[in-house]
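Student: Give me a model of this one.
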Amino acid sequence: MAKKILWLSRSQRGVLDDWNDELYIAFLKDGSISLHPSKSGSGEYPRDWFKVRRGIKTPRRLIDAYDSIFEIEIKDSFSYWEVTSELFKLNPYFAVVTDWYLEHDYDDERERLLVFSLKYLSKNKIVLPDNFDDALKSFSLIFNSIKKYYDKNGKLPIRKLEH
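Tutor: Below you'll find the predicted structure:
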């Protein structure tokens, strides 16, 4: 089983107790992601785990899974930009592709190019800048190169492209 990593956390205060709403993320060997919502209390209250969202392999599925979490109150605390910038610390490739997905409108073909771009980054071990904003700019160049190649040739590139 893949190790769960704390991704997002929010402290809550009630009249009688305090607790943390936490969202853990796991990166599995098959390339998918799973989200594990949890609530941890203080004192007598143990940690509660809720329904796991599994099989996440695309930005759309990540956002859909995140948006489907209602067991904890985490969504109101984080903008999508904060979600992707926190994800960047754990998985830069998935973070930049997800941020790109959120910022643009996608039909099925453009989404397919985006998912291909995620695989392309990983397979070719493209080094992204350490800064999230700079990494987004670099990804923009990569995505546009892939799209240009696809528009010209009607197929996706097999090897590295010149950016």
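Student: Helix or strand with the lowest mean pLDDT in this protein?
Tutor: The helix or strand of the chain with the lowest confidence, counting by mean pLDDT, DSSP states H and E, is helix 108-123 at a mean of 87.
Student: So which residues of this structure form strands?
Tutor: Assigned by DSSP state E, the strands in the chain fall at 5-13, 18-27, 33-41, 48-49, 53-56.
Student: buried sites along the last one?
Tutor: By neighbour count, and taking 16 or more other C-beta atoms under 10 Å as the criterion, the buried residues in strand 53-56 are 53, 56. In this view, the C-beta of every residue, glycine as well, is placed from N, C-alpha and C.
Student: Which strands or helices does that strand pack on?
Tutor: strand 33-41, helix 59-67 (3 or more C-beta pairs under 8 Å, 6 or more residues apart in numbering; DSSP states H and E).
Student: Report the buried residues of the last one.
Tutor: Looking back up the chat, that one is helix 59-67. Those would be 59, 60, 61, 62, 63, 65, 66, for helix 59-67 by 16+ other C-beta under 10 Å.
Student: repeat for the first one
Tutor: Judged by neighbour count using 16+ other C-beta under 10 Å, the buried positions of strand 33-41 are 33, 34, 35, 36, 37, 38, 39.
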